[in-house]
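**Student:** Have a look at this prediction, sequence included:
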Amino acid sequence: MSDASPERDTRFQYEIIKDLSASIRRLADSMSEMQRTQVTMLERLAALEANKVGESVAALAVELKTLDDRVDTLFRDKDRRDGAIGLIGGIRSWWPALIGIASLFSALWLAGRSAGLIPAPPATLPPPVAIERRAATPTEGP
């Protein structure tokens, strides 16, 4: 017959179950460690992505500020150009009236001068400081 006794079978099964239990425990510990490592890696990855997003947002903010300044400069130039063109257009449309007003003032000034209402400017202006003239006399020597 066989040498296997029920005690021996039970002991053998117990050892197998004990080894399986230890293997499962090691596997569970290994999986737990792997999960902790994975969580740590995911946290580090999220932190890295957050830093990159912050850097990207900062870079975009600087670029947006630069572009905003450029748009402001372009609009200022456009406003200046439009103002100059508007002034020239206004002078063109008001040119006849301006010539008429200047002619009227010239005619009134000439009429006032001829009537004696506006005095003539002096022909020569007096010097601001009186100039002293010395007589040319020979100097006597010692």
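**Tutor:** That came in fine, so what should we check first? Numbers count the residues shown, from 1 in each chain.
**Student:** Quickly find the element holding R81.
**Tutor:** helix 6-115 (DSSP states H and E).
**Student:** Mind giving me the packing neighbours of that helix?
**Tutor:** Helices and strands touching helix 6-115, by 3 or more CB pairs under 8 Å, 6 or more residues apart in numbering; DSSP states H and E: there are none. Glycine gets a C-beta too; all of them are placed from N, C-alpha and C.
**Student:** Tell me how far it lies from the chain's centre.
**Tutor:** Computed by CA atoms, centre = their mean, to the nearest Å, the chain-centroid distance of helix 6-115 equals 12 Å.
**Student:** Could you give the average pLDDT over it?
**Tutor:** Helix 6-115 shows a mean pLDDT of 88 in the predicted model.
**Student:** Begin at 45, not 1, for the rest of this chat.
**Tutor:** Okay, residue one is now 45; in that scheme the one you just asked about reads as helix 50-159.
**Student:** dump the residue contacts of R88.
**Tutor:** Taking CB atoms under 8 Å, 6 or more residues apart in numbering, we find R88 in contact with no residue.
**Student:** Distance of it relative to S158?
**Tutor:** The gap separating R88 from S158 is 99 Å, by CB to CB, to the nearest Å.
**Student:** swap in V106?
**Tutor:** 72 Å.
**Student:** Also Q79?
**Tutor:** Q79 is 111 Å from S158, by CB to CB.
**Student:** With L64 instead?
**Tutor:** Counting by CB to CB - L64 and S158 are separated by 133 Å.
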